[in-house]
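In: need the 3D shape of this:
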Amino acid sequence: MNLNIKAKQQNTYDAIVVGSGISGGWAAKELTEKGLKVLLLERGPDVKHIEGYTTAMKEPWEFPYRGRLTTQVKEEYPVQARKFALTEATTGLMTRDIMYPYEEKKPFQWTRAFVVGGRSLVWGRQSYRWSDHDFEANLRDGYGVDWPIRYKDIAPWYDYVERFTGISGSYEGLPQLPDGVFQKPMDLTCVERKVQSAIAGKWKTRRLIIGRAANITSPTEEQLKLGRSSCQFRNLCIRGCPYGGYFSTQSATLPAAMATGRLTLRPDSLVHEIIYDEQRQRAAGVKVIDQKTREEIEFYARVIFLNASTLATNFILLNSVSNRFPEGLGNDSGTLGKYIMDHHQQAGAQAVFEGFEDKYFFGRRPNGIYIPQYRNFSEKAEGYLRGYGYQGGGSRSGWQRGVSTPGFGAAFKESLTRPGEWSMRLNGYGECLPYEDNKVYLDRSKKDPWGLPILVTDAEYKDNERTMRKQMIADAMEMLETAGGKDVKPVDDMKYIGFSTHEMGGVRMGRDPKTSILNAWNQFHSVPNLFATDGSCMTSSSCSNPSLTYMALTARAADYAVRAMKRNEI
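Out: Take a look at the predicted model:
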């Protein structure tokens with residue numbers, strides 16, 4: 001008994017953070033800097049900053065398969081192989097699906113990076129604030145429940161995380177897309193400026209701007225002290241950045257948390273259940289499977305933050321059952337695992353632009369353009385709720401065009417030494433409504449290689465999204481035609497939920513414990529020392545990328561949690 005007590009004491013912390021990705025890294029940083037002894041658990045292996053990015057400096061010809069995937073890799077990574085993120089250069093960062101299977105009742109692209117840093121190492125870095133137009137959307141049209149917060153509640157925390165993270169962007173004064181704390185914006189190409197001017201000339205309600213990206217362009221003293229530097233415009237971000245030019249857990253939040261001396265990082269630790277103390281009505285700790293030894297270990301803490309990623313957090317809660325919570329921890333409302341959302345994309349247009357044959361660009365800009373939402377904001381929509389924005393960009397083709405261009409011989413090869421034509425693409429990102437029957441649940445009759453039940457995904461886009469896409473395509477074509485684009489072609493390749501890697505929901509915030517799981521502070525209504533601040537907490541999806549909002553919500557919740565601990569409320 002004494003040995004057991006000693007072991008429990010050794011495994012007890014002030015706080016446990018589950019998951020080391022974008023939001024988990026922020027939770028670890030904030031809690032340690034506020035004086036807590038924190039255990040950061042990551043199910044995958046450690047990837048150390050710089051030395052862990054084994055392919056970051058490799059040239060294309062240094063890869064045995066020139067970046068392509070072998071049959072074996074496709075068999076081991078069947079889900080990850082569906083998307084561009086998995087290449088020969090990124091297999092060390094992405095998740096081997098055969099070790100973590102899930103069942104797709106309806107197609108669902110679960111892009112996963114089970115390593116320290118998680119998807120912060122491979123994300124697209126687009127960083128946009130949400131506005132009251134987003135936070136009031138459910139209340140306005142009756143889909144979903146009302147957010148328990150508004151823009152004014154989170155605005156100071158957007159400021160806070162932007163200063164630390166480093167967001168490049170331009171000040172535009174748009175009410176639907178609030179300005180933030182920006183570093184120097186990246187430049188538009190000549191074709192993008194032409195399209196920008198044409199849109200501004202015809203529509204007062206539409207604006208083309210440079211994307212707001214978590215890529216440093218004017219490093220602050222704080223960022224330099226962490227070893228970060230300006231983006232090098234290599235556009236190899238998905239391999240990990242040795243320069244710390246973009247925000248990741250490894251380059252930013254993890255070293256900040258480590259500097260406090262109060263962080264314990266434990267990789268290869270698969271959290272599969274929250275330990276619930278029915279007498280105290282609190283979360284007591286977590287159950288972990290050590291992925292190297294397969295030993296089950298328990299860790300304990302006064303407060304727990306769930307940041308495992310949307311579906312993984314849903315899994316942990318659904319798998320945490322007790323007499324008090326037979327349908328999953330915190331699930332008094334019956335909404336756990338429901339209202340899953342993602343942005344729908346691959347709807348827009350592309351065009352060729354003539355007249356810029358004497359111009360080119362320098363470097364490989366890791367960013368694109370953005371056209372913020374205007375439908376159902378400043379312009380009427382036709383037969384659907386919510387709206388969309390566009391990402392994309394204009395560039396000039398290089399020698400790679402020879403892969404799909406007919407030809408051979410010396411003359412053909414010589415032609416590829418000169419730049420090709422200019423073109424531009426607008427790719428819409430549309431909002432998905434929160435539907436109750438878009439859900440995930442557990443199939444306990446099936447087990448994964450770790451002896452855990454299988455997560456089942458059952459979610460799809462519906463008529464509202466399909467109707468929206470028609471206008472996404474029509475508007476994109478009209479804008480490119482207005483700008484003088486030639487050979488304007490529609491783009492319509494509707495995928496499935498998860499493909500945009502912006503999956504959200506299942507553990508939503510709300511005002512009423514009867515219809516939601518979290519309160520305005522990302523705190524569980526019924527388990528006050530438990531918080532969820534990853535994508536699972538989202539109540540609606542907006543049409544803007546959500547990662548910056550996860551960061552701000554996490555910093556805000558951590559501040560609240562520590563203040564509540566000091567008041568002995570949790």
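In: return the backbone torsion pair for residue 563.
Out: Main-chain torsions, residue 563, degrees, to the nearest 10: phi -70, psi -40.
In: how near is it to residue 323?
Out: Going from residue 563 to residue 323 by CB to CB, to the nearest Å gives 32 Å. For every residue, glycine as well, the C-beta is placed using N, CA and C.
In: again, but for residue 370
Out: 50 Å.
In: neighbour count winner among these two?
Out: Taking neighbours as other CB atoms under 10 Å, residue 370 and residue 323 compare with residue 370 leading, 26 against 7.
In: name the SS class of that one, please.
Out: Using DSSP: H, G, I helix; E, B strand; the rest coil, the structure places residue 370 in strand.
In: show the pLDDT at it.
Out: Looking at residue 370, its pLDDT is 98.
In: bridging residues for it?
Out: residue 209, residue 391 (DSSP bridges).
In: ok, it - contacts?
Out: Neighbouring residues of residue 370 by CB atoms under 8 Å, 6 or more residues apart in numbering: 126, 128, 208, 209, 210, 211, 212, 389, 390, 391.
In: okay, helices next: where are they in the stretch 151-300 of the chain?
Out: With DSSP state H, counting those that start in this stretch as the criterion, the stretch 151-300 of the chain has helices at 151-165, 190-202, 221-225, 254-258.
In: which ones are touching the residue lying closest to residue 195 once chain neighbours are set aside?
Out: Of all residues not flanking residue 195 in the chain, residue 483 sits nearest, at 4.2 Å (CB to CB, 6 or more residues apart in numbering). Applying CB under 8 Å, 6+ apart to residue 483 gives the contacts 194, 195, 197, 198, 199, 351, 353, 424.
In: looks like the fourth one contacts residue 484 (just checking).
Out: Right, residue 198. Yes - between residue 198 and residue 484 there is a contact under CB atoms under 8 Å: 7.1 Å.
In: who's more crowded, these two?
Out: Here residue 198 and residue 484 are compared on neighbour count by other CB under 10 Å; more neighbours surround residue 198, at 18 against 14.
In: separation between the nearest residue to the more buried one once chain neighbours are set aside and residue 421?
Out: Of all residues not flanking residue 198 in the chain, residue 483 sits nearest, at 3.7 Å (CB to CB, 6+ apart). The gap separating residue 483 from residue 421 is 15 Å, by CB to CB.
In: next: residue 225.
Out: Remark: distance between residue 225 and residue 421 (CB to CB) = 45 Å.
In: same thing with residue 335?
Out: Distance of residue 335 to residue 421, given as CB to CB: 51 Å.
In: and those two? Which one has more around it.
Out: Between residue 335 and residue 421, counted using other CB under 10 Å, residue 335 has the larger neighbour count: 21 against 14.
In: neighbours of residue 490, how many?
Out: As a burial measure, residue 490 scores 14 neighbours (other CB under 10 Å).
In: before we move on, what SS does it have?
Out: Under three-state DSSP, residue 490 falls in the strand class.
In: not counting its neighbours along the chain, what's nearest it?
Out: residue 473 (4.9 Å).
In: try residue 549
Out: Spatial nearest neighbour of residue 549, chain neighbours left out: residue 130 (5.5 Å); criterion: CB to CB, 6+ apart.
In: likewise for residue 21?
Out: Residue nearest to residue 21 in three dimensions, not counting chain neighbours: residue 118, with 2.8 Å by CB to CB, 6+ apart.
In: before we move on, what about residue 460?
Out: Leaving aside its chain neighbours, residue 460 sits nearest to residue 106 (4.8 Å; criterion: CB to CB, 6+ apart).
In: contacting residues for the one you found?
Out: Neighbouring residues of residue 106 by CB under 8 Å, 6+ apart: 457, 458, 459, 460, 496, 497.
In: for residue 407, state which of these is nearest.
Out: Using CB to CB, residue 496 is the member of the contacts of residue 106 that sits closest to residue 407, with 36.7 Å.
In: my guess is the closest one meets residue 461, correct?
Out: Yes - with contact defined as CB under 8 Å, residue 496 and residue 461 form a contacting pair (7.5 Å).
In: these two: who's more crowded?
Out: For residue 496 versus residue 461, neighbours defined as other CB under 10 Å are more numerous around residue 461 (23 against 18).
In: three-state assignment of the more buried one?
Out: Three-state assignment for residue 461 (three-state DSSP): coil.
In: ok, it touching residue 497?
Out: Yes - with contact defined as CB under 8 Å, residue 461 counts as touching residue 497 (6.6 Å).
In: low-confidence ranges in this structure?
Out: Residue ranges of the chain with pLDDT under 70: 1-7, 399, 401-402, 404, 415.
In: which helices and strands sit right next to the strand ranked longest in it?
Out: Counting by DSSP state E, the longest strand found in the chain is strand 296-306. Packing partners of strand 296-306 (3 or more CB pairs under 8 Å, 6 or more residues apart in numbering; DSSP states H and E): strand 12-18, helix 22-33, strand 38-41, strand 269-277, strand 282-290, helix 310-318, strand 530-532, helix 547-566.
In: out of these, which is closest to residue 138?
Out: Smallest distance to residue 138 across the helices and strands packed on strand 296-306 (CB to CB): 15.1 Å, for helix 547-566.
In: and the closest one, what other elements does it pack with?
Out: On a contact count with 3+ CB pairs under 8 Å, 6+ apart, helix 547-566 meets helix 22-33, helix 151-165, strand 296-306.
In: mind putting these into TSV with distance to residue 382 and mean neighbour count?
Out: Output for the helices and strands packed on helix 547-566, formatted as TSV (distance: least, CB to CB, whole Å; neighbours: other CB atoms under 10 Å):
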stretch	distance to residue 382	mean neighbour count
helix 22-33	35	29
helix 151-165	28	18
strand 296-306	40	22
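In: so which of these is nearest residue 84?
Out: helix 22-33 (19.6 Å).
In: for that closest one, which helices and strands make contact with it?
Out: Using 3+ CB pairs under 8 Å, 6+ apart as the contact test, the elements touching helix 22-33 are strand 12-18, strand 38-41, helix 254-258, strand 296-306, helix 547-566.
In: ok, residue 390 - contacts?
Out: Applying CB under 8 Å, 6+ apart to residue 390 gives the contacts 348, 369, 370, 371, 426, 427, 428, 429, 472, 476.
In: and of these, the nearest to residue 277?
Out: Nearest to residue 277 out of these is residue 429 (CB to CB; 42.6 Å).
In: pretty sure the closest one sits against residue 386.
Out: No - contact between residue 429 and residue 386 fails when scored by CB under 8 Å: they sit 11.5 Å apart.
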